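Peer 1: quick one, what's the 3D model for this:
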Amino acid sequence: MFADAAIREAEAKKPLRHCVQITTDGHQAYLEAIEGAFGADVDYAMPFKVYGETSEGQKRYSLAECIGCYGKKIEGRPDARHVSTSLSNARTSQCV
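Peer 2: Residues are numbered from 1 along each chain as shown. I've put the predicted structure just below:
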């Protein structure tokens with residue numbers, strides 16, 4: 001699954017005429033595919049979530065609560081307002 005997505009992203013460079021912004025999770029296959037396909041000609045970032053104790057306190061088997069997030073620049077000049085993987089599936093169908 002990860003390799004297929006990385007290959008699709010790598011193949012995306014052919015029809016592009018302008019610098020684009022890409023956001024992925026930290027899977028190594030994405031890092032390698034983006035670097036191989038775009039080099040420095042991309043604005044590339046990764047989102048990171050910060051987890052902490054829930055507002056109700058720690059409970060046995062309870063998941064940590066996401067208390068914040070930030071984007072980490074990998075390459076180029078990504079716009080921090082758009083560093084998110086939640087829109088990737090919706091946008092993929094529009095970028096043809």
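Peer 1: so in that sheet, which strands flank the helix or strand Pro47 falls within, and in what orientation?
Peer 2: Assigned by DSSP states H and E, Pro47 belongs to strand 43-52. Paired neighbours of strand 43-52 in the sheet (DSSP bridges): strand 21-23 (parallel), strand 65-75 (antiparallel).
Peer 1: would JSON lines of those with distance to Asp43 be doable?
Peer 2: Quick note: C-beta positions are derived from backbone N, CA and C, even for glycine. Converted to JSON lines, those look like this (distance: least, Cβ to Cβ, whole Å):
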{"stretch": "strand 21-23", "distance to Asp43": "4"}
{"stretch": "strand 65-75", "distance to Asp43": "7"}
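Peer 1: just say which of those strands is most tucked in.
Peer 2: strand 21-23 (a mean of 19; mean count of other Cβ atoms under 10 Å).
Peer 1: pLDDT of that strand, averaged?
Peer 2: Mean pLDDT, strand 21-23: 89.
Peer 1: point out where the protein drops to low pLDDT.
Peer 2: Under the criterion pLDDT under 70, the flagged ranges of the chain are 1-18, 54-61, 87-96.
Peer 1: what about the helices in it?
Peer 2: 2-11, 28-38, 88-92 (DSSP state H).
Peer 1: between the longest one and strand 65-75, how many degrees?
Peer 2: When you say that, I think you mean helix 28-38. 30 degrees (axes from the mean of the first three to the mean of the last three Cα atoms, to 10 degrees).
Peer 1: other SSEs contacting helix 28-38?
Peer 2: Secondary-structure packing of helix 28-38 (3 or more Cβ pairs under 8 Å, 6 or more residues apart in numbering; DSSP states H and E): helix 2-11, strand 65-75.
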